[in-house]
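> Here you go, sequence then predicted model.
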Amino acid sequence: MTRRTDREAEREALRAVLAAERESTSGRVADLSRSLDDIVEAAALEVPDDEHDPEGHTIGFERAQVAALLEAARAHLAEVDGAAARLEAGAYGDCGRCGRPITYERLLARPTAQACVACASARAPGQGRVRTRPGSRAAEV
């Protein structure tokens, strides 16, 4: 009975973590959307003079940077929503590679994790891990 109660408590805690992550990420998406709109609006108000405009590259870089951050935030929001859906469906917390449970601690640290630590640490075939020893150079394992 205690085991069931512990699992239910963990599930509620993870639900709260996912809700907080969604709220935070939604706020970041809104902020970045406003920033991008402001950059686009400011650029539209100025006459482009690419040849002599010292700010031209800065504005373009800033727009690209904010657009990339916005894309990443939207992708993370989709991951959070997917994790919440898996939680409600009862499939949350199972490794997508090996099927073993993902530890509660890992899910607290990375609520959108879909792989256990062992599978997440595994490299694709042909990609060795770099091993270093104090005083030695890196060696491919």
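Here it is on my side, so go on. Numbers count the residues shown, from 1 in each chain.

> in the chain, which residue is closest to the centre?
For the chain, His76 is the residue whose C-alpha lies nearest the centre (C-alpha atoms, centre = their mean; 4.6 Å).

> Can you tell me the closest non-neighbouring residue to it?
Excluding the flanking residues, the one nearest His76 by C-beta to C-beta, 6 or more residues apart in numbering is Thr25, at 5.4 Å. C-beta here means a position set from N, CA and C on the backbone, and glycine is covered the same way.

> Verify the stated contact: that neighbour with Leu70.
No - in terms of C-beta atoms under 8 Å, Thr25 does not count as a neighbour of Leu70; the distance is 11.3 Å.

> how does this structure divide into domains?
Taking automatic domain parsing as the criterion, the chain consists of the domains 1-92, 93-141.

> Compare the mean pLDDT across those and name the weakest.
Of all those, the minimum mean pLDDT falls on domain 93-141 (a mean of 75).

> Let me know the helix or strand that the residue nearest to His76 is in.
Assigned by DSSP states H and E, Thr25 belongs to helix 2-45.

> After that helix, which helix or strand is next? Please name it.
Downstream of helix 2-45, the next assigned helix or strand under DSSP H and E is helix 56-89.

> tell me what the helix or strand following that following helix is packed against?
Going down the chain from helix 56-89, the next helix or strand is helix 104-109, by DSSP H and E. When contacts are defined as 3 or more C-beta pairs under 8 Å, 6 or more residues apart in numbering; DSSP states H and E, helix 104-109 packs onto helix 2-45.

> Next, the angle from the helix it packs on to helix 56-89.
Between the axes of helix 2-45 and helix 56-89, defined by axes from the mean of the first three to the mean of the last three C-alpha atoms, to 10 degrees, the angle is 160 degrees.

> where's helix 2-45 relative to the chain centroid, distance-wise?
Put simply, helix 2-45 sits 11 Å off its chain's centre (C-alpha atoms, centre = their mean, to the nearest Å).
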